[in-house]
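Asks: Make a model of this:
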Amino acid sequence: MAFDSLSEKLQNVFRKLRGKGRLSEDDVRSALKEVKLALLEADVNFKVVKNFINDVQEKAVGTDVLNGLNPAQQVIKIVNDEMVSLLGSEKAELKMAPGQEITIIMMAGLQGAGKTTTAAKLALKLTEKSRNPLLVPMDIYRPAAKEQLRINAGKVKVPMFEPDDGMSVLEIGKASLEYARKHGNRVVIFDTAGRLHIDEDMMNELKEVKSNLNVTDTVLVVDAMTGQDAVNLAKAFNDELEIDGVILTKLDGDTRGGAALSIKAVTGKPILYSGMGEKLTDLEPFYPDRMASRILGMGDVLSLIEKAESNIDKEEAIKLSKKVKKADFDFNDYLLSMEQMKKMGGISSILGMIPGISGSQADKITESIDDKKLSHIKAIIESMTLEERSDPKLINSSRKIRISKGSGVSMAEVNRFIKQFNEAKKMMKKMPGMMKRKGRGGLRFPF
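Replies: All right, here's what the predicted structure looks like:
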């Protein structure tokens, strides 16, 4: 995730604090210097960092904190609370037009930020809430823009308005609203044109659409990987257009993440969603408290549960859980768990939400079970007979040779997988005891 490096640095600072027991004002100030440096290296706006550190220091060097039973924990809590405040305090929602009026969402942003894809992702989210959205292609300059939106609209099963050739942007908007009224679309999403940079023509076009078509929400789509440029862009758009919120894309990428920690403080406008992958389902509501928890290395269990609930068949999950507890799961169950993990966005997506797993630890685990290895495991299991999948004890040397040929992998790889499977099974028997032994090395991933 974008904050892996920042998260590890902050966890190191907190580890030092916990190791001291009693804290002096100098201890707190020294720790906050390290926090300040970590935030600046993460590309957080300098003024934002300065105010953040001042606010934390003012609260953390008080007598009640330093003389409390657990001063380190109290300092960490203050950092967490201030970070939640910095990110926006509470989850923000799109405004919806009252009564039977149509909600109009205008998507704005520079070319390359992922605006067209994000428009389709947002439409999918609104479909899940029974809003019956309509996608409208307003980019009349980039030849592939309309076709890209049409393809994505088809993938998320959302209708797209088809404008006539030669229509102006304003004409497209008016015609699409008339179409929406006739077809019962409660939300209309304008996918406006992006430019390589902010220019007067771009802003004037957006202002014309906003003032003439009674836009409900002006949403700015920003590439998180552009760092401070993303913050400057958000400020410029807000000054010109008065945006209602921001969607940060590519927050799952190899970026320092400072934009997410700066945008709300600089613009006063909330982050509504974050793009966490290339799939059209990879758009997450932005919860400031959960994001702060992830940044500080405390995980995001609530989001993990929600992701599981929306992607995993509940009955299958209960069956699998029971088998795991009894340690009698077979290769069919193993294959099912792989499919469920894939639906949840893959192992890297899951690991980022588990408390106590740092970015480097997650990387090591992910590297050890990359997509290529998972595809090999799937091929091995699918090359087994139904009897072999249900009863792993049946697999002898001659069967392994057949499985190796059928899956296209070496005998060594087949042997390695079966050995790892058996080790995982043994580990499951010990799981209840391991869960109780906190602070003794924790759990190893069974793959």
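
Asks: What segments of the chain are strands?
Replies: Secondary structure of the chain (DSSP state E): strands located at 103-108, 133-137, 187-191, 217-223, 245-249, 271-275, 283-285.

Asks: Okay, and the beta partners of Val219?
Replies: Beta bridges link Val219 to Met107, Gly245 when assigned by DSSP bridges.

Asks: repeat for the one 4 residues further on
Replies: Residues in a beta bridge with Asp223, per DSSP bridges, are Thr249.

Asks: so what's it up against?
Replies: Going by Cβ atoms under 8 Å, 6 or more residues apart in numbering, Asp223 touches 110, 112-114, 230, 249-250. The C-beta positions use only the backbone N, C-alpha and C, and glycine is treated the same way.

Asks: Around the nearest residue to Val158 once chain neighbours are set aside, how many other residues sit close by?
Replies: Closest residue in space to Val158, ignoring its immediate chain neighbours: Ala123 at 4.3 Å, by Cβ to Cβ, 6 or more residues apart in numbering. Counted by other Cβ atoms under 10 Å, the residues lying close to Ala123 total 28.

Asks: pretty sure Ala123 is touching Asn132, no?
Replies: No - with contacts counted by Cβ atoms under 8 Å, Ala123 stays clear of Asn132, the gap being 9.9 Å.

Asks: OK, contacts around the residue nearest to Val158?
Replies: Ala123 touches 133, 135, 153, 156, 158, 189, counting by Cβ under 8 Å, 6+ apart.

Asks: now Ile401
Replies: When contacts are counted by Cβ under 8 Å, 6+ apart, Ile401 is found next to Met411.

Asks: For the nearest residue to Ala145 once chain neighbours are set aside, give me phi and psi.
Replies: Of all residues not flanking Ala145 in the chain, Asp139 sits nearest, at 3.7 Å (Cβ to Cβ, 6+ apart). Torsion angles at Asp139 (phi, psi; degrees, to the nearest 10) stand at phi -90, psi 100.

Asks: if I look at Asp139, how far off is Pro163?
Replies: 11 Å (Cβ to Cβ, to the nearest Å).

Asks: Equivalent analysis for Ala108, please.
Replies: Look at Ala108 and Pro163: by Cβ to Cβ, they are 19 Å apart.

Asks: which of the two has more neighbours?
Replies: Taking neighbours as other Cβ under 10 Å, Ala108 and Pro163 compare with Ala108 leading, 26 against 20.

Asks: So for that one, what's the pLDDT?
Replies: At Ala108, the predicted lDDT confidence score is 94.

Asks: ok, it - contacts?
Replies: Ala108 neighbours (Cβ under 8 Å, 6+ apart): 115, 192, 206, 218-221, 237, 241, 243.

Asks: Determine which two of these are furthest apart.
Replies: Distance extremes for the contacts of Ala108: the farthest pair is Lys115 and Leu241 at 14.4 Å, using Cβ to Cβ.

Asks: which neighbours do Asp139 and Pro163 share?
Replies: Contacts common to Asp139 and Pro163, judged by Cβ under 8 Å, 6+ apart, are Lys146.
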